[in-house]
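Colleague: How does the following fold in three dimensions:
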Amino acid sequence: MPVLVAVAGAGVAVLLAGCGGLEQANAAGVTPGDLVSEVATRLGTPGPAGTATYRVAGGETAQVTRSLSPDRTAYDYPGGRLIRTSAAVTNCAADVCTATDPADGVTLPKESGLVTDAQVVALLEAAAIDSYPEVAQRDTTLAGRNATCLALTGVQSAEASAFDVCVTGEGTLASFRGTLGGAEVDVVLTDYATTAAERDFQVPSGARLVDRRGD
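Modeller: Okay, here's the model as predicted:
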């Protein structure tokens, strides 16, 4: 899949393709930092609504569902669910869901096995301005979708010094492998649907809702 890499401040675009993309970028004056920034921008730009299904560490399944109108995100993982809407952040564990005041970002429990787009974007943005990271680029296909992948090592200014990330052309996280907060995170996209079911943004049936907004 071709990768469009913007050269910062130059108003120039270089089209890279195949396994030699990074070498071609360097030859064209595009630095590894530019490539990392492009992938970060792609992931950080809101994409279409849909439901991404992932295999997480241990072989279990988790889902991330997004809706654009209204703006909502639901993370469904073994043992819990977290729902972010404009009205609340609702964290469900076992049969209890706790609603707290709305927030732009969310923090997932370590046991979810998932990573948020914002976490990955923060890693990429830190790596993009790092002085000495090593970056290897490759293209792949996951869940039938083309993705650009970066393997980074020697990152000094990010939470993880080494990590591997793949992002689809539409801006969906296709995979991530790295250590965050002392926990190994390993997620791989196994299915993607361009629909977002309303039930994914609701508390599980039978769960007790505790409203702590305003506390």
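
Colleague: And stretch 111-121, what's buried?
Modeller: For stretch 111-121, burial by neighbour count (16 or more other CB atoms under 10 Å) applies to 112, 113, 114, 115, 116, 117, 119, 120, 121. For glycine as for every other residue, the C-beta is placed from the backbone atoms N, C-alpha and C.

Colleague: will you turn the residues you listed into a markdown table that also has secondary structure?
Modeller: Output for the buried residues of stretch 111-121, formatted as a markdown table (DSSP: H, G, I helix; E, B strand; the rest coil):
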| residue | secondary structure |
| --- | --- |
| 112 | helix |
| 113 | coil |
| 114 | coil |
| 115 | coil |
| 116 | coil |
| 117 | helix |
| 119 | helix |
| 120 | helix |
| 121 | helix |
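
Colleague: And those, which two are furthest apart?
Modeller: Taking CB to CB, the two most distant members of the buried residues of stretch 111-121 are 113 and 121; they sit 19.0 Å apart.

Colleague: which among the buried residues of stretch 111-121 gets closest to residue 40?
Modeller: residue 121 (5.2 Å).

Colleague: so what's that closest one up against?
Modeller: 40, 43, 44 (CB atoms under 8 Å, 6 or more residues apart in numbering).

Colleague: most surrounded residue in those?
Modeller: Highest neighbour count within these: residue 40, with 23 neighbours (other CB atoms under 10 Å).

Colleague: Where does it sit: helix, strand or coil?
Modeller: At residue 40 the chain is in helix, as set by three-state DSSP.

Colleague: Give me the helices and strands touching the biggest strand by length in the chain, please.
Modeller: What stands out as the longest strand in the chain, according to DSSP state E, is strand 183-193. With contacts defined as 3 or more CB pairs under 8 Å, 6 or more residues apart in numbering; DSSP states H and E, the packing partners of strand 183-193 are strand 50-55, strand 134-142, strand 145-153, strand 163-168, strand 173-180.

Colleague: Residue 102 belongs to a strand?
Modeller: No - read with three-state DSSP, residue 102 is coil and lies in no strand.

Colleague: for it, what are its contacts?
Modeller: Counting by CB under 8 Å, 6+ apart, residue 102 makes contact with 84, 85, 86, 87, 88, 89.

Colleague: Pick the one among those residues closest to residue 173.
Modeller: Nearest to residue 173 among the contacts of residue 102, counting by CB to CB, is residue 84 at 15.8 Å.

Colleague: Please identify the buried residues of the longest strand of the chain?
Modeller: By 16+ other CB under 10 Å, the buried positions in strand 183-193 come out as 185, 186, 187, 188, 189, 192.
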